[in-house]
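> Below are the sequence and a predicted model for it; my questions follow.
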Amino acid sequence: MSKALYRKWRPQSWDEVAGQGHITQTLRNAVMLDRVAHAYLFAGPRGTGKTTCARLVAKAVNCLDPDLKNRPCNECEHCKAITAGRFMDLIEIDAASNTSVDDIRDLRDKINFSPSQGRFKVYIIDEVHMLSTAAFNALLKTLEEPPAHAIFVLATTEIHKIPATVLSRCQRHEFRRIPLEIIVNHLKEKSAEEGLLVEEPVFTEIARQATGSLRDAISLLDQLTSTNEKITLEMAQAILGTATSLRVIEIVDALAAKDAAAGLEQIDQALDTGTDPRQLARQIVSYLRNVLLYQMGHLNQADIAEDLKPKIHAHASQLPLPELLKAINAFNQATMDEHANWHPGLGLELAFTEYLVRPAVPAESQARTEQAAASQPLVKAPLTQPKPKPEPVKKAEAPLPDAEPESAPQAGQAPDEPEVASPDTASPQDERPDQAEKTAPPAGAVSLSDIHKQWRKVKALVGKHNPRTEGLLNTSKLAGLKDNTLILGFSSDTLKQMMEKSGNLTLTCDILEEVFGQAIGVTCIVSTHQGGVLPEDIEIENDGMVGTATRDLGGKITDAKEAN
Ligand SMILES: Nc1ncnc2c1ncn2[C@@H]1O[C@H](COP(=O)(O)OP(=O)(O)O)[C@@H](O)[C@H]1O
Ligand SMILES: [Mg+2]
Ligand SMILES: [Zn+2]
């Protein structure tokens, strides 16, 4: 497969670094005046340009262009060697895997040798907070008296874990989360250069998901465009799992109206159309969080979709703070619901009903109650409070940069891994005697678990012919095997239809035949949260909720739904 976009798009000059002008300007000046420091510390969230800038420093200080303003020139021998990753005097150490004091001592011993190729030896120590205390101490010795030819760039996402003794010896730069519009513009520009076909609103959709990390944004874009077709907003939402915002609004409407029937109905419908319950819960929490921040006058307006603004405004006035907190807590529970496997809707339904039945105790009324209790022991906190009408705070009108707390709950993270169960988790079930009896294939026939075991390989082979087919397979689940036809489950109709287009099925069949030495058909379904069923003779994917239901909970399959 081709190089990941985020690598391909790594900035090679200061101008290309987006959103960190305060840092690139300083570094650039230092190079220009030939006053580069001997130790830098780059701190900030992941995917914001720390490693990128560290390499630019290495390049600039070793660049051969006579004009200091031009460094790095990207044309000279040294620049080219660094871009290609074969410059001897750039040493990158991942502290996450080299944490021992010996690694650092080793570094200390070698550091006194002069550079072999360039003017400076540059050491980039990534994730430096992972070093052990002993390793930090060893590093400190080196930082105290670095040889003139050495430059250190330490990078970390967790600056609070860096000892003060190390901090005080470094010039520190704090990388910021990259603002939404800058991410959007960057993606737009780069996509145009690359000739990617993407509908305009998709960029905003992606940027919103990336919460300030340009790397995440680029990876999401990469994932979407791996199909090579024009990416529409609808497809992007389907793949990113953000399509349900209307649903979220309706559920919150029901919360505000305390309308249990409407709320539970919405939850049910969402799950019926294949929405992942935990994902839906995350979206609800994330939406309610926006309402909360809005109430607090702390919401960066740029991060909200235009069409959501009036809704957030309305919900902020309908849901008093204590109610809001209660709802966030209840749905936050549902994001971690481990019952999601066997009763997908339960966590959400509980969240909704708990919200309705559990009284909210507003902080001020609690204080009042406590005071009252002191004099009148019999007074109890009333179960329901008259709703105070909070005015949406004025300040909220002005965009506040950096308003996002670091630990914000994030909606819809990029799916990192294919959902398909890995072979080792799939295999133990084969040994179950009852199942073996029922579904034991005739000798030589391929079973679902055989396919499970080879699935990664199949996908990789498919990817060699067509990466976008592999991308689609990655979004599918092995749902079953019937009459030698493999059933692939997709979470949405859009994905299913994409898979059914332009030779994807034929290619997959060809590879299956190549791997298993016999013809295996492929068909696609939209898998609903019921887990589908499956008439007797279908071999069921026994790893997911169906497996849990039948195996662990004694459930029986009574009905099967197949989408085509
Ligand atoms: N500020 C930025 N400007 C342009 N691209 C960026 C920026 N930050 C991250 N990227 C993109 O993300 C990739 C990874 O960035 P990197 O510098 O390794 O992030 P970090 O080290 O902060 O985690 C880069 O190759 C680039 O494609
Ligand atoms: Mg990095
Ligand atoms: Zn150069």
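Structure received. Ligands and ions are numbered 1, 2, ... in the order given.
> Name the residue of the protein that lies nearest to ligand 2.
Closest residue of the chain to ligand 2, CB to the ion: Thr51 (3.3 Å). C-beta coordinates here come from the backbone N, C-alpha and C atoms, glycine included.
> Surely that residue is within a helix?
Yes. According to DSSP: H, G, I helix; E, B strand; the rest coil, Thr51 belongs to a helix.
> Could you count how many residues lie near it?
Using other CB atoms under 10 Å, Thr51 is surrounded by 18 other residues.
> Against ligand 3, how distant is it?
Thr51 sits 19 Å away from ligand 3, going by CB to the ion, to the nearest Å.
> where does the chain dip in pLDDT?
Applying pLDDT under 70 to the chain flags residues 1-2, 99, 241-245, 300-306, 337-342, 360-443, 494, 502, 528-564.
> okay, now the domains of it?
In terms of domains, the chain is parsed into 5-174, 180-240, 245-379, 423-552 (source: automatic domain parsing).
> Save the ones you listed as a markdown table, and put in distance to ligand 1 too.
Output for these, formatted as a markdown table (distance: least, CB to the nearest ligand atom, whole Å):
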| stretch | distance to ligand 1 |
| --- | --- |
| domain 5-174 | 3 |
| domain 180-240 | 3 |
| domain 245-379 | 17 |
| domain 423-552 | 19 |
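> ok so, going back, just to check, the residue of the chain closest to ligand 2 is in contact with Leu154?
No. In this structure Thr51 lies outside contact range of Leu154 using CB atoms under 8 Å: 11.5 Å.
> hey, where'd the helices end up in the stretch 51-200 of the chain?
Here the stretch 51-200 of the chain has its helices, by DSSP state H, counting those that start in this stretch, at 77-83, 101-110, 133-144, 164-167, 180-194, 200-210.
> Residues contacting the third one, please?
In this case it means helix 133-144. 39, 95, 99-101, 103-105, 107-108, 111, 125, 131, 150, 152, 163, 165-166, 169-170 (CB atoms under 8 Å, 6 or more residues apart in numbering).
> What remains of those residues if I keep only buried residues?
Buried members of the contacts of helix 133-144, scored by 16 or more other CB atoms under 10 Å, are 39, 95, 99, 101, 103-105, 107, 111, 125, 131, 150, 152, 166, 169-170.
> How about the contacts made by the closest residue to Phe490 other than its chain neighbours?
In space, Phe490 comes closest to Lys496 once its chain neighbours are excluded; the distance is 4.2 Å by CB to CB, 6 or more residues apart in numbering. Lys496 is in contact with 490, 524-526, 563, counting by CB under 8 Å, 6+ apart.
> Which strand or helix spans Lys496?
helix 493-500 (DSSP states H and E).
> Pretty sure Val291 sits against Ala316.
Yes. At 5.2 Å, Val291 counts as touching Ala316 under the criterion of CB under 8 Å.
> ok, which stretches of the protein are strands?
39-43, 90-94, 121-126, 150-156, 171-174, 477-482, 485-490, 521-526, 539-540 (DSSP state E).
> So the second one, near ligand 2 or not?
No. Counting by CB under 5 Å from the ion, no contacts exist between strand 90-94 and ligand 2, the nearest distance being 9.2 Å.
> Excluding chain neighbours, what is closest to Glu513?
Nearest to Glu513 is Ala519, by CB to CB, 6+ apart, at 5.4 Å.
> Quick check: the one you found vs ligand 3, distance?
57 Å.
> burial count for that residue?
11.
> Could I get the contacting residues of it?
484, 509, 513.
> State the distance from the residue nearest to Phe490 to Ile162.
Separation of Lys496 from Ile162 (CB to CB, to the nearest Å) stands at 49 Å.
> Flag every residue of the chain that's near ligand 3.
63, 65, 72-73, 76, 79.
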